[in-house]
Structures are given as structure tokens and as C-alpha cells.
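A.B. asks: Sequence plus the predicted model coming up.
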Amino acid sequence: MNDRDDYDLVESAPAQTIERYVEQIDKLDRLILIARATPSIESEAIATERLAQVYLEWGKDKVAAIYLQEAYDLYTQAGVTTKTDYLEYTYPQLIAPPEPPNYFTDEFIATLSHEFRNPLNGILGMSEALLEEVFGTMNERQLNAVTTIDRSGGYLLALINNMVDLSQLQAGKLELDITQVALAELCNFSVNFVKHHAIQKQIQLDLELPPTAGYIAVDLQRMRQVLIDLLERAIESTPAGGKVKLAVTIQNAHFATATSGIQFSVSDTSKEILPERNDKLAQVSANTSTPRIGFGLMLIHPIVELHGGTIDFQSAIGSGSRVNICLPDTYEIATQTLNSPSTQPHYREKQLPTHSVPNTSDIAELPLILIVEDNELNINTISSYLTAKGYRPIVAGDGESAIAMLEGGTDEPTPKFRPDLILMDIQMPGMDGFEAISCIRARSELADIPIIALTALAMEGDRDKCLAAGANDYLTKPVKLKQLNATIQQFLTAKFDNSSLSGDLWG
């Protein structure tokens, strides 16, 4: 054998090896197809695993990893745990065990929120109506009982709102709705919200505002949430006879790039030592007995950061603790004297007096409100409240029924019912609220009827979807009945003369 023969032998060896690999791969591919046609998941897994091993012997690690993962998934599907354990142990660098399913998706959170909000709408709605005594007067013991029900329902609602916010924060979808807010109104609302808790614990609750509080641009709902959660934490951790205070100051030159800032300080006389790091604030809740507080504390830091602010803590044994929230001056719109007549608060909850039910002879003159709702509890709550307030409610159980009531019979040139306003639930079986609103807006003779969307959905973008469908306004369940009444008044005032809406109807 000469040198040329030796060279040809060396060349033929790799060629023979490649040919062998190709033959094995072709054979295994056919076995996989047969297993899929049978079908036999375990047989397909065995053939796929063998195919991966051929590619590993050939040195094609990347291709082998694909088939190993496929074999692993097939063994998992077939329930052959001995093989999945073997592959994890033998090829740890190539096998990625499946991640546990994430049940807390946006869709799940939205569905869970909806299922909670519907019964809460009945609980909070009925308790609010009872506290207004629209169904008759109550004695002190009854008022206290209903107040407890209303407060407990409020805690559940806050827990649901925090859960939704946390899911949106985790997904990077939490956004602020910045509006101009009267600083005094924001602080007064927050303090009044926790006043009952402070009285129960015999704690002195104080509010200290500067003479020129003025307006700031913040997300009203979320800043209330921040202040209320901090006040609740302080009250919960302070022993009976202690003090809790919310103080607001204008901090000049507080920021390196700003000339001034607004500082909210919540102080207490508790023995609790707050953590130095602001991202550990939620751990404080481990010592509290109110779960909602801990849930809410998890949101304080990101909400403050979204506002461009900072948060820090001060505490000392025997002197209590203080949480400081500073917002930059870019969020301070103006400063006006609190007693100035030009100062108009951003939020004011209108106090409506108790109304009597109108006389039967006047019923035909009352505004007709169409309630489109499939939940019986919500129907009873809203319709009974509106009746007591001097409206004439009618009910449609779903979107299709509402359209039928509005369109009437085929021989009728005009709708059977022409309500003055429509309250439209969104999530309903069959034709949902979005489709029903679109159908109503498609008819020119119905286009001017105000529609208020009432929905238990509370995820990002839900309000925009309702308005895009043709709704005039959007209220989230559980609906505050006072707010609902005020919203209805707002739309109906534009349709009727003020003289026709006097007396018991508006109050």
C-alpha cells in the first residue's frame, strides 16, 4: 500500500461514519412518524431520545438539545417520571425542566376581580343606602352594625384594588392618572377615612397643613391609597392612648435639581423600629393584624417612585417612627391660602339628603333609567336606591333584551322605551355591554341617550374600551351610590330644565 492508498483510507473513514449517522437518523425519523400515527406518546419519546443521542455522538450538540427537550416533554406528557428524572440527571446542561404554570395572569386577575366586585357591589350599595336611611330611619345599634358591614366591605374592596395594582406593577403596566388635586382635600379625605379606626383604638389623630397648601398634580386615587395605608400602619402599631399625625410641609431646596418639594410625613408614638431600606417597608406588616395594610405597603414605594418622589424612614426607641414622602416641585401646581375663596378642592363628596318616594301621580314625570344588568343582587341594590331617590328604573337582563326594549316591535316606527339614561353592565352572557352600546349608538334616534358603563372589570384600558364603544362615562363596581346619583344628575341636568328637577328628585 503506497502513500496514496493511505490517504484514501483516511478520507473514507469519516465518510463512512457520516453515512452511518444519516442512516440512523433516517430510520429514527420513520419510527417517530409511525409512533405519531399510532399514536403512542411513549414510543415517540423513546425514538426522539435515541435521535438526540445520535446527534450527540455526531457532535451536533445544539440539534441534540432540541430533540432531548422534545423527548423530555413527551415523557412528561406520558407521565414517565423515571425517564424525565434520568434526562435531568444525565443532561442537566441541555434539559430545562418546565416552569410551573403562572395562574396569576392578567386574565385570571381580571376574572377574580370581577367575581369579587359583583357581590361587593350589593354589600356596599345596600349598606350605603341604609346609612343614608333611604329605606327608613335606624336606631343607634342598627347604624353601628351597618357601619361595621360597610367598613368591612371597604377593606375587601381595598384588598382587591391592591391585588389588581400589584399584578399590573409586576407586568410593568401600572400607570398614573395625573390630575390637579387640592392638597387639603387629599389629606382631609385620608384622615377621615381612618378616623373610625383611630377612635376604636383610643388614638389621637391629627392633621397639620401649611397655610399655603395649594394644588399638586398627582394620581388622586393612588396618593389616597398611599396616605391611607401609611396611616393605617401607624394606627395599628401604636398602643392605646398614643398619637398619629399626618403633616404636610413645603421643603425648599429638598431636591438637587429643584427649588422646592412637598413632603408628607406620617408619624406615630409606636415602639416599632422601621427598616432603613425603603424597599423593606412591606416587611413591617408582619407585625400587624390587618392583612390589607401589608398588601398596600407593598405598593407604596413604586407608587411614590412613579410620581418622581422619594421615601425615607426615621425611628427611635421610645420616641416613635416617621415615614416621609417627598414629591418634587414639578408636581406642585400652585400655592394659595387655604382660606382663600378662590381655592376649589378637586374632590368633594356631595352630601345628599334623604329623599321620599314620589307620589304615584308624578311617576310618569320621573326620569326613566334603563338598568341593563344580569346580576339579581346588583339589580335590587341599584333599582331600589334609584326608586328611593325619585327615579323610575326599568330593567333588562342582558344586552339583547335591552336592544329589544329600545327598538320595540317591527311595525313600530319609534322605540318602545325611550329612557332618559342607560346604566350598562359590561360583562353579560350573550351580547355583552360593549356590543349593546355599539348597537344603540348605531341608531340615530337613540344616539343622544347618555350611557354610563358599570363594570366589575378594573384592569388597565377598561375605561378606554367603554368610552370607545360609545359610553359617556365609566364607573367601576362596587359603585358608590352617591357617586352614581351625582353622575346621573350631571347627565340629566343637560336634558331637563332645572325647575323640573327640583324637590325630592335632586335634593
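C.D. replies: Perfect, thanks for sending it.
A.B. asks: contacts, neighbours, all on C-alpha from now
C.D. replies: OK.
A.B. asks: Enumerate every residue touching Gly241.
C.D. replies: 201-204 (Cα atoms under 8 Å, 6 or more residues apart in numbering).
A.B. asks: With Arg463 instead?
C.D. replies: Arg463 neighbours (Cα under 8 Å, 6+ apart): Tyr474.
A.B. asks: do you know how far it is from Leu186?
C.D. replies: Distance, Arg463 to Leu186, by Cα to Cα, to the nearest Å: 23 Å.
A.B. asks: Name the residue closest to the centre of the chain, please.
C.D. replies: Val164 (3.3 Å; Cα atoms, centre = their mean).
A.B. asks: So that residue sits against Ile109, correct?
C.D. replies: Yes: using Cα atoms under 8 Å, Val164 is in contact with Ile109, at 6.6 Å.
A.B. asks: Mind checking what secondary structure the residue nearest to the centre of the chain has?
C.D. replies: What DSSP: H, G, I helix; E, B strand; the rest coil gives for Val164 is helix.
A.B. asks: if we can go back for a sec, just curious, which of the contacts of Gly241 is nearest to Pro419?
C.D. replies: Lowest distance from Pro419 to those (Cα to Cα) belongs to Lys201, with 49.1 Å.
A.B. asks: tell me the contacts of the closest one?
C.D. replies: Counting by Cα under 8 Å, 6+ apart, Lys201 makes contact with 235, 239-241.
A.B. asks: Can you check the residues you listed and name whichever has the most neighbours?
C.D. replies: Ile235 (29 neighbours; other Cα atoms under 10 Å).
A.B. asks: any idea how far that one lies from Met223?
C.D. replies: 18 Å.
A.B. asks: Ok, Ala52 next?
C.D. replies: Separation of Ala52 from Met223 (Cα to Cα): 57 Å.
A.B. asks: Equivalent analysis for Ser267, please.
C.D. replies: Noted for Ser267: a distance of 17 Å to Met223, by Cα to Cα.
A.B. asks: higher neighbour count, these two?
C.D. replies: Legend: neighbour count by other Cα under 10 Å for Ser267 and Met223, higher for Ser267 (25 against 18).
A.B. asks: Name the SS class of that one, please.
C.D. replies: Here Ser267 is recorded as strand under three-state DSSP.
A.B. asks: hey, where'd the helices end up in the stretch 251-400 of the chain?
C.D. replies: All helices of the stretch 251-400 of the chain, identified by DSSP state H, counting those that start in this stretch, fall at 291-306, 376-388, 399-407.
A.B. asks: What strand or helix carries Val244?
C.D. replies: strand 243-252 (DSSP states H and E).
A.B. asks: what's in contact with that strand?
C.D. replies: Contacts of strand 243-252 (Cα under 8 Å, 6+ apart): 187, 191, 203-210, 231, 234-235, 238, 259-269.
A.B. asks: Could you check the pLDDT of the residue nearest to the centre of the chain?
C.D. replies: pLDDT, Val164: 77.
A.B. asks: Distance check, it against Leu157.
C.D. replies: Separation of Val164 from Leu157 (Cα to Cα): 11 Å.
A.B. asks: swap in Gly59?
C.D. replies: From Gly59 across to Leu157, the span is 60 Å (Cα to Cα).
A.B. asks: These two - which one has more neighbours?
C.D. replies: Leu157 (21 against 11).
A.B. asks: tell me the average confidence for stretch 82-94?
C.D. replies: 83.
A.B. asks: Met228 against Phe189, yeah?
C.D. replies: Actually, residue 228 is Ile rather than Met. No: Ile228 lies out of contact with Phe189 (Cα under 8 Å); the separation is 9.0 Å.
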